[in-house]
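Chemist: Give the three-dimensional model of this entry:
(4 chains)
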Amino acid sequence: MTGGKIESAELRSEHCAIVRDPINVAGIKKELEHPEDGAALYFDGVVRNNTRGRRTLYLNYEAYESMALNEMERLAQAALEQFKVRQVRLVHRLGRLEIGETSVLIGVASAHRAAAFEACRWLIDTLKKTVPIWKKEYFEDGAVWADGEAFPEEIRVNK
Amino acid sequence: MTGGKIESAELRSEHCAIVRDPINVAGIKKELEHPEDGAALYFDGVVRNNTRGRRTLYLNYEAYESMALNEMERLAQAALEQFKVRQVRLVHRLGRLEIGETSVLIGVASAHRAAAFEACRWLIDTLKKTVPIWKKEYFEDGAVWADGEAFPEEIRVNK
Amino acid sequence: MRVKVLLFGQLKDIIGRQEDLLELEPGAKLATVMTHYAERYPKFQGLSKSIACSLNQEYAQGTAMLQEGDEVGLLPPVSGGRS
Amino acid sequence: MRVKVLLFGQLKDIIGRQEDLLELEPGAKLATVMTHYAERYPKFQGLSKSIACSLNQEYAQGTAMLQEGDEVGLLPPVSGGRS
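Modeler: Below you'll find the predicted structure:
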């Protein structure tokens, strides 16, 4: 939500997208997979019905959209290089998400499964620490911004 | 293929299935996921277009079906217990599979992603070593049974 | 006593059958079945270190005792899944 | 010189705006922007150790020099993804 505009077109880069409509898993699977692959791995981040036992009604995701897309694309490129996987896709959804809906989908295609597991794990772990997206949780008695994970040392401004 | 019968009804257990028709990913996703989950991970084993550079035309998977289903269900139960994930699904397809088709799909749903990654990796690694399913690869100039991975020590008959 | 033997993968090709009914002496073990094929099929013999056996659809050791009507599986290294 | 400052997540609530235009002296750094808010908003001050800054949509350090027309982002710990 750069500059407070709620509406935003879908943003896309070579391997990534930021969307407001439900994430199209079948479409991503089709884009991702190729006859050279032997394995594809999908991480599907789902909106949970509770946070530490407190009942969640729904979530709202906001982002520094243009920067978030840049950071996601940077992660995608890094994963392709570091883990030698053939292809990756990262899609994050913004706006109001209901319980059970997918907020983030990461797909990794590779000739061999070990690299796919490593790349997928690294992508979701790193995305959660460095991609500028924030989540507000709505409970029955109010709403709070979710505690984020601390930024990695090299990113913080005041150390 | 117990006793040489090619035709076989779909076999199902609580968490597993052995099928002959294309694997229904959307159906498995629906069965697997639940509002308590925060993460779902899917491993999609795809028929590759080559084996060590030799062009593959298609594959044929056969199984000791009833035993394979038992072993898959045993793995599913073990994963639920060992990794504390909430739910798992294992589906393997048999018969002729074309390049790019899914031969095995493993889904793991969990409140937290670390357990989902560990369980999913263990399931596919162990399935490939212990579940009695065999693959024949068809090339332009003939067909061969794929080399399997060696059985774990405790399973071999002559040590 | 008679036991049913199921052959899979390349073992099926080597033996030329998917299923055998073997007549065995009382006291026969799973190892007896392995020996039966190893003596008759040199290629089977060559693979025998890599073979696993099942008894009534569970993995079992060569020392497992057989009984009338048992189902024995002779299993070459498995190759399900992918990558 | 003027820089655009974008505020996100709880920082947006603390400052009460999503976007500011700041007039800064030549030689201002990213740290100057941080200090600007820390002096005026005690809650911002309390969080400042956990905040990251971006300069023209890339993470940057407090020592980064600002120029006319730069876009600065003040970013609380991120919470995208799931589980």
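
Chemist: What residues are bridge-paired with the nearest residue to C:Ser54 once chain neighbours are set aside?
Modeler: Leaving out its chain neighbours, the residue that sits closest to C:Ser54 by Cβ to Cβ, 6 or more residues apart in numbering or on different chains is C:Gly73, at 3.7 Å. Backbone N, C-alpha and C define where each C-beta goes, glycine included. Beta bridges link C:Gly73 to C:Leu6, C:Ser54, judged by DSSP bridges.

Chemist: I'd like to know how far C:Gly73 sits from B:Arg74.
Modeler: Remark: distance between C:Gly73 and B:Arg74 (Cβ to Cβ, to the nearest Å) = 16 Å.

Chemist: tell me the helices in chain A, going along the chain?
Modeler: A:25-32, A:65-83, A:113-130 (DSSP state H).

Chemist: right, and those - which one's nearest C:Ser50?
Modeler: Nearest of those to C:Ser50, taken as Cβ to Cβ: helix A:113-130 at 22.6 Å.

Chemist: Off-centre distance for the lowest-mean-pLDDT helix or strand in chain A?
Modeler: Across the helices and strands of chain A, the lowest-confidence element by mean pLDDT, DSSP states H and E is strand A:50-51, at a mean of 86. How far strand A:50-51 lies from its chain's middle: 19 Å, per Cα atoms, centre = their mean, to the nearest Å.

Chemist: Help me see whether that strand makes contact with chain D, please.
Modeler: No: for strand A:50-51, no contact with chain D is found by Cβ under 8 Å from any Cβ of the partner chain; the gap never falls below 10.7 Å.

Chemist: Around the closest residue to chain C within chain A, how many other residues sit close by?
Modeler: For chain A, the residue closest to chain C is A:Gly38, as judged by Cβ to the nearest Cβ, at 2.9 Å. Residues lying near A:Gly38 (other Cβ atoms under 10 Å in any protein chain shown) number 24.

Chemist: separation between it and chain B?
Modeler: To chain B, A:Gly38 is 4 Å away according to Cβ to the nearest Cβ, to the nearest Å.

Chemist: what's the answer for A:Arg121, then?
Modeler: 5 Å.

Chemist: Same check on A:Gly107?
Modeler: For A:Gly107, the distance to chain B - Cβ to the nearest Cβ - is 9 Å.

Chemist: what's the pLDDT at that residue?
Modeler: Turning to A:Gly107, the model gives it a pLDDT of 98.

Chemist: now do the one 4 residues further on
Modeler: In the prediction, the pLDDT value recorded for A:Ala111 is 91.

Chemist: Not including adjacent chain positions, what is the nearest residue to it?
Modeler: Using Cβ to Cβ, 6+ apart, the nearest residue to A:Ala111 is A:Gly38, at 5.2 Å.

Chemist: low pLDDT regions in chain A?
Modeler: Where chain A drops to pLDDT under 70, the residues are A:1-9, A:158-159.

Chemist: how many other residues sit next to C:Glu19?
Modeler: By other Cβ under 10 Å, neighbour count at C:Glu19 equals 14.

Chemist: what's the answer for the one 4 residues further on, then?
Modeler: Look at C:Glu23: counted by other Cβ under 10 Å, it has 8 neighbours.

Chemist: partner residues bridging it?
Modeler: Bridge pairing for C:Glu23 - DSSP bridges - gives C:Arg2.

Chemist: circling back to that earlier point, please identify the most buried of the helices of chain A.
Modeler: helix A:113-130 (a mean of 22; mean count of other Cβ atoms under 10 Å in any protein chain shown).

Chemist: Report all helices and strands that that one contacts.
Modeler: With contacts taken as 3 or more Cβ pairs under 8 Å, 6 or more residues apart in numbering or on different chains; DSSP states H and E, helix A:113-130 sits against strand A:39-46, helix A:65-83, strand A:87-93, strand A:102-110, strand B:39-46, helix B:113-130.

Chemist: what would the ones you listed look like in CSV with distance to B:Ile28?
Modeler: What follows is the helices and strands packed on helix A:113-130, written out as CSV (distance: least, Cβ to Cβ, whole Å):
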stretch, distance to B:Ile28
strand A:39-46, 12
helix A:65-83, 26
strand A:87-93, 20
strand A:102-110, 15
strand B:39-46, 8
helix B:113-130, 13
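
Chemist: For A:Val47, list the residues it contacts.
Modeler: By Cβ atoms under 8 Å, 6 or more residues apart in numbering or on different chains, the contact list for A:Val47 reads A:Thr56, A:Tyr58, A:Leu59, A:Leu97, A:Glu98, A:Ile99, A:Gly100, A:Glu101, A:Thr102, A:Ser103, D:Arg82.

Chemist: most distant residue from the middle of chain A?
Modeler: A:Asp141 (27.7 Å; Cα atoms, centre = their mean).

Chemist: contacting residues around it?
Modeler: So A:Asp141 contacts nothing (Cβ under 8 Å, 6+ apart).

Chemist: can you give me the helices for chain C?
Modeler: Using DSSP H, helices in chain C cover C:9-15, C:30-40, C:42-47.

Chemist: For chain B, find the nearest of these.
Modeler: helix C:9-15 (3.8 Å).

Chemist: close to chain B, is the closest one?
Modeler: Yes: judged by Cβ under 8 Å from any Cβ, helix C:9-15 and chain B are in contact via C:Gly9, C:Gln10, C:Asp13.

Chemist: List only those of the residues you listed flagged as buried.
Modeler: By neighbour count, with 16 or more other Cβ atoms under 10 Å in any protein chain shown, those hold C:Gly9, C:Gln10 as buried.

Chemist: Export the residues of helix C:9-15 next to chain B as JSON lines, with columns for pLDDT and distance to chain A.
Modeler: Below are the residues of helix C:9-15 next to chain B laid out as JSON lines (pLDDT from 0 to 100; distance: Cβ to the nearest Cβ, whole Å):
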{"residue": "C:Gly9", "pLDDT": "96", "distance to chain A": "20"}
{"residue": "C:Gln10", "pLDDT": "95", "distance to chain A": "22"}
{"residue": "C:Asp13", "pLDDT": "95", "distance to chain A": "25"}
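
Chemist: which one among the residues of helix C:9-15 next to chain B gets closest to D:Met1?
Modeler: Out of those, the member with the shortest distance to D:Met1 (by Cβ to Cβ) is C:Gly9, at 74.4 Å.

Chemist: Please tell me how far the closest one sits from chain D.
Modeler: Distance from C:Gly9 to chain D, by Cβ to the nearest Cβ: 40 Å.

Chemist: Quick one: residues contacting the closest residue to that residue other than its chain neighbours.
Modeler: Spatial nearest neighbour of C:Gly9, chain neighbours left out: B:Trp134 (3.8 Å); criterion: Cβ to Cβ, 6+ apart. Neighbouring residues of B:Trp134 by Cβ under 8 Å, 6+ apart: B:Tyr61, B:Glu62, B:Ala63, B:Trp145, B:Ala146, B:Gly148, C:Phe8, C:Gly9, C:Pro76, C:Val78, C:Ser79, C:Gly80.
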